[in-house]
Structures are given as C-alpha cells and as structure tokens.
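> give me a model of this one.
(one chain, ligands or ions: 1)
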Amino acid sequence: MLRVASSERVLDVLDDAPDSALPIACRAGNCGACLLAVREGADLLLPPDLAERETLTAFGAAPPGERLGCQLRVGTGVSGRIVLEVRVARPDAARSDPS
Ligand code: FES
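Numbering: from 1, shown residues only. Below you'll find the model as predicted:
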C-alpha cells in the first residue's frame, strides 16, 4: 500500500517505491507502458487530459476504468482508497505516430 496526498502525482510516489510493479518508460503519457486498471477509487483521481485519452484510445483502453499510471493525479481535497492493477499494453494496438 502506498499513500498519495491530495493533488499529488501517483508517479512521484511510485518513484520512491522500490517494489513498484508498474512499468514506466516515457513518463509523458505517450507509450502506454504504464497502462493499468483502476479497480477502486476512480472518482478520487483527476480526469485524464486529451493526450492521455488519445493514448488510451490507441491501446483500446478507456477511462475511468483504465488509465495511464504516469498521468494519475489524486484530486484536491479527497481521501479514500484507490486500487490499481497493472496491465500489459498490447504492442499491436500502439499508435504508429506517437506525439
Ligand atoms: S510511461 Fe509511457 S505512457 Fe506512462
């Protein structure tokens, strides 16, 4: 279990968690390596921006149940439990022109 403060990026917490199982590559929402399923607490996360939504679409994924771990940020003034499950992005679904 990790604790993420209100308004904090989940990635910043994962960077300090040596046993994190989340694969991270570009850290910018472009590669899809950090695709995960949100099993609980999707309403505690800020919604995805356009770039994240485009990457999710390229991988056949969709919010709120699927998100990019490197882009997750907890909402302001919220608290609760968020359960995330690491997924492996399908390479054949990757977009050919990442931006
Ligand atoms: S690490 Fe590339 S999209 Fe998250």
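
> for residue 92, give me the pLDDT.
Among the per-residue scores, residue 92 shows a pLDDT of 57.

> please disregard the earlier target; I meant residue 45.
Looking at residue 45, the pLDDT reads 95.

> swap in residue 96?
Taking residue 96 on its own, its pLDDT is 47.

> residues in contact with the longest strand anywhere in the chain?
Using DSSP state E to define each element, the chain has its longest strand at strand 35-40. The contact list for strand 35-40 (CB atoms under 8 Å, 6 or more residues apart in numbering) reads 22, 45, 56, 59, 61, 64-69, 81-89. Bear in mind the C-beta positions are built from the backbone N, C-alpha and C, glycine included.

> the same query, at a cut-off of 7 Å, please.
22, 59, 61, 64-69, 81-87, 89 (CB atoms under 7 Å, 6 or more residues apart in numbering).

> restricted to strands, list those.
66-68, 83-86.

> ok, and the most crowded of those?
residue 68 (29 neighbours; other CB atoms under 10 Å).

> where is the longest helix in the chain?
If you go by DSSP state H, the chain has its longest helix at helix 50-58.

> do stretch 54-72 and the ligand meet at all?
Yes: applying CB under 6 Å from any ligand atom, one finds stretch 54-72 touching the ligand at 55, 68, 70.

> stretch 3-18 too?
No: using CB under 6 Å from any ligand atom, stretch 3-18 never reaches the ligand; the gap is at least 8.0 Å.

> would you mind listing the buried residues in that stretch?
For stretch 3-18, burial by neighbour count (16 or more other CB atoms under 10 Å) applies to 4, 9-11, 13-14.

> cool, and stretch 74-89?
Residues 74, 82, 84, 87, 89 are the ones in stretch 74-89 that count as buried (16+ other CB under 10 Å).

> what's the lowest-pLDDT member of those?
residue 89 (64).

> partner strands of the longest strand of the chain, with direction?
Next to strand 35-40 in the sheet, as set by DSSP bridges, lie strand 66-68 (antiparallel), strand 83-86 (antiparallel).
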